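In: mind folding the following:
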Amino acid sequence: MKDENKRDLYLKVRVSQAEMDAIKRKFANSGMNTLSGFVRAMIFEGYIVHIDEDEMKRLCNLASNIANNINQIAHRANVTNKVYKEDIEDIKRLADQLIQPLLFLQSKCLQLKH
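Out: Just a heads-up that it's a prediction; the model follows:
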């Protein structure tokens, strides 16, 4: 190993017992040979992902509203044998509100993957 790549410095980090247990579990599942190598990989290649919980709740509520509307339309269609244009337009409007944030979320997840 070249002198500039020599690892002769120490990094000390305090963790709780629960945190150490979690680190060791993740290390065991990583398939890596050394804890030092695992920690370095997490520092240099790992990601910190911030998720806006309010935005996620909004998306879940929107998806739930769409599902409820579809169920109501399906019930009405089974009872009356009719589907109304307004119902379909309402579903399309809600779906349009949902698709853009979902596509954005998908693109961010794909960036993490690469």
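In: OK, contacts around residue 62?
Out: Contacts for residue 62 (Cβ atoms under 8 Å, 6 or more residues apart in numbering) come out as 94, 97, 98. Heads up, the C-betas are built off the backbone N, CA and C, glycines and all.
In: excluding sequence neighbours, find me the nearest residue to the second one.
Out: The one in question is residue 97. Leaving aside its chain neighbours, residue 97 sits nearest to residue 62 (5.9 Å; criterion: Cβ to Cβ, 6 or more residues apart in numbering).
In: which stretch of helix or strand covers the residue lying closest to residue 32 once chain neighbours are set aside?
Out: Take residue 32 and drop its neighbours on the chain: the residue closest to it by Cβ to Cβ, 6+ apart is residue 38, 4.5 Å away. Under the criterion of DSSP states H and E, residue 38 resides in helix 35-45.
In: which neighbouring elements make contact with that helix?
Out: Packing partners of helix 35-45 (3 or more Cβ pairs under 8 Å, 6 or more residues apart in numbering; DSSP states H and E): helix 17-30.
In: and the helix it packs on, how far from the chain's centre?
Out: 21 Å (Cα atoms, centre = their mean, to the nearest Å).
In: and the lowest-mean-pLDDT helix or strand in the chain, what does it pack against?
Out: Sorted by mean pLDDT, DSSP states H and E, the helices and strands of the chain end with helix 85-113, the least confident at a mean of 84. Under the contact criterion of 3+ Cβ pairs under 8 Å, 6+ apart, helix 85-113 touches helix 53-80.
In: tell me which residues in the helix it packs on are buried?
Out: Using 16 or more other Cβ atoms under 10 Å as the test for burial, helix 53-80 gives 59, 62, 66, 69, 73.
In: ok, the fourth one - contacts?
Out: Taking Cβ under 8 Å, 6+ apart as the criterion, residue 69 is in contact with 87, 90, 91, 94.
In: next up, the contacts around the third one.
Out: The neighbourhood of residue 91, defined by Cβ under 8 Å, 6+ apart, consists of 66, 69, 70, 73.
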